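Undergrad: here is the input, now give the coordinates:
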Amino acid sequence: MHMSRRVFATLALAAVACSPEDQLTVQNPNNPETARTLARPADVESFIAGSFATWYDASMGGSNDGVQNQMAVMAMENGSSLANFAMGPRGALPRSPALNARQNFASTQNLKEYNALSRSAASAALGIARLDAGVNLGTTAQNQRARSFGFFVMGLSLGYLSLVYDSAAVTNPQTAALLLAGSPAAIDLVGRDTVLARSMAYMDSAITWATDPTTAAAFPLPANWIPSNALTSTQYVQLIRSFKAKIRAQWARNPTERAAVNWALVLADAQAGITSDFILTTNTTTLFSPAWPVQHYIYGTWHQMPYSMIGMADTSGGYAAWIGGAPLGGRGIGTPSIPFAIQTRDLRFPQPAFSAAQPTGGSVRDQLTRGSAPLTGGVAGCSFPATAVAGAPPTCTAANQIPLAVAGVAGGRPYFRMRPSGEDPSAAGFFDSQYDYYRFRAWFNPPSNRNGAFPLMVRAEVLGLVAEAAIRTGNFPAATAAIDLTRVPNGLPSVAGIADLVTPVPGGIQGCIPRVPTGATGPVVCGNLLEAMKYEKRLETAFTTFGGWFFDSRGWGDLPQGTSVQWAVPWQELDARVKTPYDRPFTELAGPSAYGW
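TA: Predicted structure coming up:
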């Protein structure tokens with residue numbers, strides 16, 4: 001829905017084209033307008049409930065042809081040289097800025113989220129406007145529940161717009177009411193700070209309506225509003241506050257803005273957020289199914305995990321050698337240390353666990369490709385028996401590495417697989433790797449076929465917000481406790497007792513995780529508490545959330561130098577508003593990163 005000046009001008013001209021006595025008023029039932037479409041109470045309630053599906057379609061769902069896949073390669077969450085979805089151009093080094101000229105190569109991708117998020121906000125606003133006009137859904141409690149849900153979706157939609165774009169049109173029920181009445185008013189573009197403020201205010205309104213005692217009778221939430229989640233009012237508010245914390249923290253475009261975030265508010269919302277992974281029931285015939293796995297699980301050139309981030313798990317010296325081989329932008333065919341095997345105690349990677357002695361039972365690659373004995377939580381793997389000897393490793397099919405449990409359910413490891421022989425990368429660039437993302441493969445493969453349990457938001461994302469907010473407000477015990485909730489169960493030593501940003505994580509230079517680069521070619525050192533938080537959040541949120549690594553990395557200052565940190569309002573929207581398309585200034589591009597890229 002484009003509520004542009006051009007549209008409003010056209011409507012106004014149509015209204016004055018002839019005098020009333022020259023007009024023949026005929027209601028065409030085959031061409032119903034919005035007001036008639038939302039005439040019945042049941043239609044209004046369904047419209048508001050359905051706006052959440054439109055929001056999901058705008059972010060994790062829908063198609064891959066959007067900003068999401070650009071952000072993944074820009075943040076090195078994914079690696080691909082393909083031009084599809086603008087991945088190759090956006091992920092290449094040196095970076096090229098995200099330009100906004102008419103018919104640019106990423107025109108379709110840059111517009112998708114802007115249009116879809118604007119539609120979900122407008123849908124919720126139209127539903128609330130009908131409630132304001134006196135439509136009664138049956139009881140006061142039902143009316144207030146629907147009103148709360150509408151404000152929640154409006155807040156989500158505007159919040160996500162504020163994360164991606166520099167400006168947006170802020171939809172509200174008052175302007176929606178004018179549209180319903182046939183007298184639409186122009187909605188001007190406003191800056192991202194105003195969009196963020198309105199997002200927070202709308203979600204606060206959602207909480208206010210949900211916690212009103214009169215609304216209590218309307219809970220739990222109908223299970224089809226957020227698939228298979230008949231939420232109590234408490235659970236619903238926890239979800240809203242989790243999104244508030246996420247959007248407020250990730251809105252920052254650079255380290256200065258990230259430091260200036262109101263971390264006390266982030267901490268309060270995150271600590272009152274979800275207490276376990278929030279799981280959707282996905283279905284490929286509905287809007288509730290994430291788009292990225294359709295191509296990513298093809299692997300090959302569509303997807304690989306760049307070593308730059310996941311290599312921080314390595315304790316063998318392979319990552320240090322890889323970093324020292326050449327600056328990232330200079331890597332390619334013939335560059336040393338491509339590829340290498342990540343040897344780590346972190347159970348989110350293929351095992352066996354490595355000791356100082358070279359493991360037996362075949363080469364390092366053979367063992368990592370085969371996987372390991374089942375881990376705690378019912379993970380399927382390939383064990384190599386004690387009788388295995390070098391040169392005669394037992395065989396193992398790829399199917400044996402598939403986790404038995406999906407993220408959000410007990411287990412789900414390993415998160416990554418090492419590619420077997422014959423699937424080596426082409427060594428064409430810095431993003432080439434022997435590793436693929438594997439965590440949701442059981443959900444993707446038959447018999448699930450992308451139908452079933454998949455997270456909307458993982459608890460670890462909220463724990464990361466708690467940890468960062470606690471670090472930035474000086475509450476180190478709260479930070480270490482939050483970090484350890486994912487760190488320790490995955491085989492890493494506790495960070496309890498660290499109360500500064502100087503002390504390295506435990507393990508010594510031969511065993512610490514994460515190990516972070518300090519420049520274009522090293523050296524690699526043990527990370528501090530902040531780096532431990534970042535490492536945990538990256539591994540736990542990979543491919544679970546819209547723009548997750550990108551929004552965090554730009555605020556932390558970890559994007560490669562020259563990366564665009566936001567998008568201008570797409571030229572198609574500006575054309576509709578009779579405005580000149582523009583580009584973001586080069587002065588706001590990211591970098592240089594403290595990691596050296």
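Undergrad: lowest average confidence, helix or strand, in the chain?
TA: Using mean pLDDT, DSSP states H and E, helix 5-15 stands out as the lowest-scoring helix or strand of the chain, at a mean of 32.
Undergrad: pLDDT at K579, what is it?
TA: pLDDT recorded at K579 is 96.
Undergrad: typed the wrong thing, it's N110
TA: Reported pLDDT for N110: 94.
Undergrad: chain neighbours aside, what residue packs nearest to it?
TA: Leaving aside its sequence neighbours, N110 sits nearest to P570 (CB to CB, 6 or more residues apart in numbering; 5.0 Å). Any C-beta I mention is one placed from the backbone N, CA and C, and that applies to glycine too.
Undergrad: run a quick neighbour tally on that neighbour.
TA: Burial of P570 is recorded as 24 neighbouring residues (other CB atoms under 10 Å).
Undergrad: can you pull the contacts of it?
TA: Counting by CB atoms under 8 Å, 6 or more residues apart in numbering, P570 makes contact with 100, 107, 110-111, 114.
Undergrad: could you dump those to a markdown table with distance to L221?
TA: Putting the contacts of P570 into a markdown table (distance: CB to CB, whole Å) gives the following:
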| residue | distance to L221 |
| --- | --- |
| N100 | 39 |
| S107 | 38 |
| N110 | 34 |
| L111 | 32 |
| Y114 | 28 |
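Undergrad: just the buried ones from those?
TA: Among the contacts of P570, the ones that count as buried by 16 or more other CB atoms under 10 Å are 100, 110-111, 114.
Undergrad: helix or strand right after the host helix or strand of Y236?
TA: Using DSSP states H and E, the element containing Y236 is helix 233-250. Counting by DSSP H and E, the next helix or strand C-terminal to helix 233-250 is helix 255-259.
Undergrad: any weak-confidence spans in this protein?
TA: Low-confidence segments of the chain (pLDDT under 70): 1-37, 332-338, 352-411, 426-428.
Undergrad: where exactly do the strands run in it?
TA: Secondary structure of the chain, counting by DSSP state E: strands at 167-169, 189-191, 278-282, 416-418, 435-437, 452-457, 515-517, 524-526.
Undergrad: deepest of those strands, which one?
TA: strand 515-517 (a mean of 26; mean count of other CB atoms under 10 Å).
Undergrad: who touches that one?
TA: Residues contacting strand 515-517 (CB under 8 Å, 6+ apart): 312, 314-315, 319-320, 323, 509, 523-527, 531, 595-596.
Undergrad: next, count neighbours for D193.
TA: Around D193 there are 12 residues (other CB under 10 Å).
Undergrad: equivalent analysis for the one 3 residues further on, please.
TA: Counted by other CB under 10 Å, the residues lying close to L196 total 18.
Undergrad: list the residues that contact it.
TA: L196 touches 158-159, 162, 247-248, 251, counting by CB under 8 Å, 6+ apart.
Undergrad: now these in TSV, with distance to N172?
TA: Shown next, in TSV, are the contacts of L196 (distance: CB to CB, whole Å):
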residue	distance to N172
L158	10
G159	15
S162	15
I247	18
R248	20
W251	20
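Undergrad: F105 against A86, yeah?
TA: Yes. Contact criterion CB atoms under 8 Å: F105 and A86 qualify, at 6.5 Å.
Undergrad: the two - which one has more neighbours?
TA: Neighbour count, other CB under 10 Å: between F105 and A86, A86 has more, with 24 against 13.
Undergrad: what residues are up against the more buried one?
TA: With CB under 8 Å, 6+ apart, A86 has these contacts: 69-70, 105-106, 109.
Undergrad: which one (most neighbours) among the residues you listed?
TA: Within the contacts of A86, most neighbours by other CB under 10 Å means N69, with 27 neighbours.
Undergrad: ok, N104 - how many residues close by?
TA: Counted with other CB under 10 Å, N104 comes out at 17.
Undergrad: what about it, distance to P255?
TA: 29 Å (CB to CB, to the nearest Å).
Undergrad: same check, this time on L265
TA: 19 Å.
Undergrad: what's the answer for Y56, then?
TA: 31 Å.
Undergrad: more crowded one of the two?
TA: Neighbour count, other CB under 10 Å: between Y56 and P255, Y56 has more, with 26 against 15.
Undergrad: surely R472 and A259 touch.
TA: Yes. Between R472 and A259 there is a contact at 7.3 Å, judged by CB under 8 Å.
Undergrad: so those two - more neighbours on which side?
TA: Between R472 and A259, counted using other CB under 10 Å, the more crowded position is R472 (18 against 11).
Undergrad: about what we covered before: filter the contacts of strand 515-517 down to the buried ones, PyMOL style.
TA: Buried residues among the contacts of strand 515-517 (16+ other CB under 10 Å), as a PyMOL selection:
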select buried, resi 312+314+315+319+320+323+524+525+526+527+531+595+596
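Undergrad: closest to D269 out of the contacts of strand 515-517?
TA: Among the contacts of strand 515-517, E531 lies closest to D269 (CB to CB), at 24.0 Å.
Undergrad: to what extent is T140 buried, counted in neighbours?
TA: 14.
Undergrad: pretty sure it is touching P213, no?
TA: No. With contacts counted by CB under 8 Å, T140 stays clear of P213, the gap being 10.8 Å.
Undergrad: pull up the overlap in contacts between those two.
TA: By CB under 8 Å, 6+ apart, no residue touches both T140 and P213.
Undergrad: from A169, how far off is the closest residue to I483 other than its chain neighbours?
TA: Counting by CB to CB, 6+ apart, the nearest residue to I483 once its immediate chain neighbours are dropped is A467, at 5.1 Å. Using CB to CB, A467 is found at 35 Å from A169.
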